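what shape does this take:
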Amino acid sequence: MTHPRPAAVVVLAAGEGTRMRSATPKVLHALAGRTMLGHALAAGRALDPQRLAVVVRHERDRVAAHALELDPQALIADQDDVPGTGRAVQCALGVLDAAVHAASAHDGHDADQVEGAVVVLAGDIPLLDGDTLAELLAAHVADGNAVTVLTTEVADPTGYGRVLREPGTGEVLGVVEHKDADDEQRAVREINSSVYVFDAAVLRGAFGRLGRDNAQGEVYLTDVLAIARSDGGAVRALRVDDPVLVEGVNDRVQLATLGAEMNRRIVADWMLAGVTVVDPATTWVDADVELEQDVTLLPGTQLHGRTRVAAGAVVGPDSTLTDVVVEAGAHVVRSHATQARIGAQAVVGPFSYLRPGTSLGADGKIGAFVETKNATIGDHSKVPHLSYVGDAEIGEHTNIGAATIFVNYDGVTKHRTTIGSHVRIGSDNALVAPVTIGDGAYTGAGSVIRRDVHPGALGINTAPQRTIDRWVLRRRPGTPSAEAAAAALGDEDEAPLSPQARAELARAQEAGPPSDPRDPSAPSTEGR
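The predicted structure is shown next:
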């Protein structure tokens, strides 16, 4: 969509938002993965303005820092103690004029102030989009207006400024705030959206005539409309049919309501673009997520941040991905992942936890109850179940046995484990980093691997097993276990004992019962 380029966009973000009842400034509350200020900046930048300014006051440093994090080219305008949107825009215009003057001096030009269209929008209208702003700007330029205001009609206009029109012609006379309106004016259902396009010269000429003689004692930006009209300028309105586009957020109920509506629209747009969403009511997709055709999202799926999902991939059910890349044909089921990459045709889950820095190769697998962090797992390699893989490099076609732990932290420093390709790690291994296991190597089940294993070697350090016959009969007489053992052995007096068992029995009889009622030779049942 082509549109005129505005001289400037001004985002109003100075308010405290007391009805949010929060230590967080209102414009920093988020929905669909962006703060409300983030949504406003995205809409404003869609117009490709020559300059963009954000007006701040309440929690000035937090709001300004967030604005610059999202948009490093933004100008920060500090509103002083004079309250009201009119004063806010006046402060912004001063900063914009100063920026124009500085740039002109640097380039050898004579311009010292903003000239042309200035778009002003509130920072708490999260569903307002760039297309709507572009339509407003195009109407302003085409009609040669002094001011163009974006309006809509609502069933209950309580709290909103009312748009007053001249009977017969329908031309805009001005806007009256709810607290200043009389009963007849309050019956008007067309409301001001707090989104405008002004000619910069009109703004500059009106600022000196704005007063505070109103119910709130503030400098109203809306008073510029009546002043511009009295000066002979054209003041017109563009009315949108969808009130939600310009609905503001004043409390957490409205935040949740608009968040759900935004999500509904995002999900619907993706379905129209070729994504299968089995249950839209339980599927949440942030504004910056990207999905390709033939992606399938199963119930209970949440895609946050800048997650990317490629064609043919299936996510869900009950999966949450944040800033994750899922490549073509992969399947993620009942898992949680953050800042990870899942390769083509790979399988994750169920009940997997992929922490930042995880990269799973094509046709790989991270299975049930596996946690990974800062780990690269090569193509066709598998960590099927019950394991922790941290600070590791795993080659291709390697299998990590069940219940394997990558011991990466010595209490002070993190260390890495490197495993080659075509390696077979036995079940219940502890790999104590730093350690390297070469290509084609094996490790035995139950091993603690502390030293490097050369390519093709077997690493094993398990102790020989001891078996003490009739231990239960002697040490746990009268228990169900002893009774079961006696039944299995037949007549215990006639049951033969091995030489090893006879020696163990003799030593036990000489030593007598242990002083600790819990026999230290008893097998542990912990962790079962």
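
how about residue 304, phi and psi?
Backbone torsions of residue 304, given as degrees, to the nearest 10, read phi -120, psi 170.

that one touches residue 323, doesn't it?
Yes: taking CB atoms under 8 Å as the definition, residue 304 is a contact partner of residue 323 at 7.3 Å. All C-beta atoms are positioned from the backbone trio N, CA, C, and that covers glycine.

okay, and residue 337 sits in which element?
Element membership of residue 337, judged by DSSP states H and E, is strand 336-338.

show me what that strand pairs with in its sheet, parallel or antiparallel.
strand 320-322 (parallel), strand 353-354 (parallel) (DSSP bridges).

show the subsequent helix or strand relative to it.
Downstream of strand 336-338 (by DSSP H and E), the next one is strand 341-342.

packing partners of the helix or strand following that following strand?
Using DSSP H and E, the next helix or strand after strand 341-342 towards the C-terminus is strand 347-348. Judged by 3 or more CB pairs under 8 Å, 6 or more residues apart in numbering; DSSP states H and E, the packing partners of strand 347-348 are strand 331-332, strand 365-368.

ok, and the closest non-adjacent residue to residue 129?
Distance criterion CB to CB, 6 or more residues apart in numbering; nearest residue to residue 129, sequence neighbours excluded, is residue 43 at 5.6 Å.

same check, this time on residue 227
residue 206 (4.4 Å).

got the CA coordinates for the helix or strand that that neighbour is a member of in CSV?
For residue 206, the host element (DSSP H and E) is helix 200-207. Output in CSV follows, covering the C-alpha atoms of helix 200-207 (Å, rounded to 0.1, in the frame of the first residue of the first chain):
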residue,chain,number,x,y,z
ALA,A,200,2.7,21.3,11.6
ALA,A,201,2.1,25.0,11.0
VAL,A,202,-1.5,24.7,12.4
LEU,A,203,-0.2,23.0,15.5
ARG,A,204,2.5,25.7,16.0
GLY,A,205,-0.1,28.5,15.6
ALA,A,206,-2.6,27.0,18.0
PHE,A,207,-0.3,26.2,20.9
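
follow-up on the earlier one: can you redo the strands paired with strand 336-338 as CSV with distance to residue 382?
What follows is the strands paired with strand 336-338, written out as CSV (distance: least, CB to CB, whole Å):
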stretch, distance to residue 382
strand 320-322, 21
strand 353-354, 14
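
redo the ones you listed as CSV? Include mean neighbour count and mean pLDDT.
As requested, these are exported to CSV (neighbours: other CB atoms under 10 Å; pLDDT from 0 to 100):
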stretch, mean neighbour count, mean pLDDT
strand 320-322, 22, 98
strand 353-354, 24, 98
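
out of these, which gets nearest to residue 162?
Closest to residue 162 of the strands paired with strand 336-338, according to CB to CB: strand 320-322, at 42.8 Å.

contacts made by the closest one with the rest, please.
301-305, 307, 309, 315, 332, 336-339 (CB atoms under 8 Å, 6 or more residues apart in numbering).

now do 6 Å
Under the contact criterion CB atoms under 6 Å, 6 or more residues apart in numbering, strand 320-322 has outside partners 302-305, 307, 336-338.

follow-up on the earlier one: can you show me the CA trace of the next helix or strand after the helix holding residue 206 as PDB?
Downstream of helix 200-207, the first helix or strand assigned by DSSP H and E is helix 223-230. Output in PDB follows, covering the C-alpha atoms of helix 223-230 (Å, rounded to 0.1, in the frame of the first residue of the first chain):
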ATOM      1  CA  ASP A 223      -9.000  22.300  21.300                       C
ATOM      2  CA  VAL A 224      -6.700  22.600  18.300                       C
ATOM      3  CA  LEU A 225      -9.600  21.400  16.100                       C
ATOM      4  CA  ALA A 226     -11.800  24.400  17.000                       C
ATOM      5  CA  ILE A 227      -8.900  26.800  16.700                       C
ATOM      6  CA  ALA A 228      -7.900  25.500  13.300                       C
ATOM      7  CA  ARG A 229     -11.500  25.800  12.100                       C
ATOM      8  CA  SER A 230     -11.800  29.400  13.400                       C
END
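
picking that back up, the residue nearest to residue 129 contacts residue 128, correct?
Yes: counting by CB atoms under 6 Å, residue 43 does reach residue 128; the two are 5.2 Å apart.

who has more neighbours, the two?
Higher neighbour count among residue 43 and residue 128: residue 128, with 27 against 24, using other CB atoms under 10 Å.

just checking, that one touches residue 41?
No: if you go by CB under 6 Å, residue 128 and residue 41 don't touch, sitting 11.3 Å apart.

excluding covalently adjacent residues, which one is nearest to residue 455?
Using CB to CB, 6+ apart, the closest residue to residue 455 is residue 438 (3.3 Å).

where exactly do the helices run in the stretch 401-528 of the chain?
471-475, 480-489, 499-511 (DSSP state H, counting those that start in this stretch).

next, the residue lying closest to residue 274 once chain neighbours are set aside: secondary structure please.
Distances taken as CB to CB, 6+ apart put residue 293 closest to residue 274, at 3.6 Å, once the chain neighbours are dropped. Following DSSP: H, G, I helix; E, B strand; the rest coil, the label given to residue 293 is coil.

and the end-to-end length of stretch 366-381?
End-to-end distance of stretch 366-381 (CA to CA, to the nearest Å): 9 Å.

right, I mislabeled it, should have said stretch 312-322
19 Å.

confidence score at the residue nearest to residue 5 when sequence neighbours are not counted?
Distances taken as CB to CB, 6+ apart place residue 48 nearest to residue 5, at 5.5 Å, with adjacent residues excluded. Predicted confidence (pLDDT) for residue 48: 96.

report how many residues lie close to residue 48.
Using other CB under 10 Å: residue 48 sits among 14 other residues.
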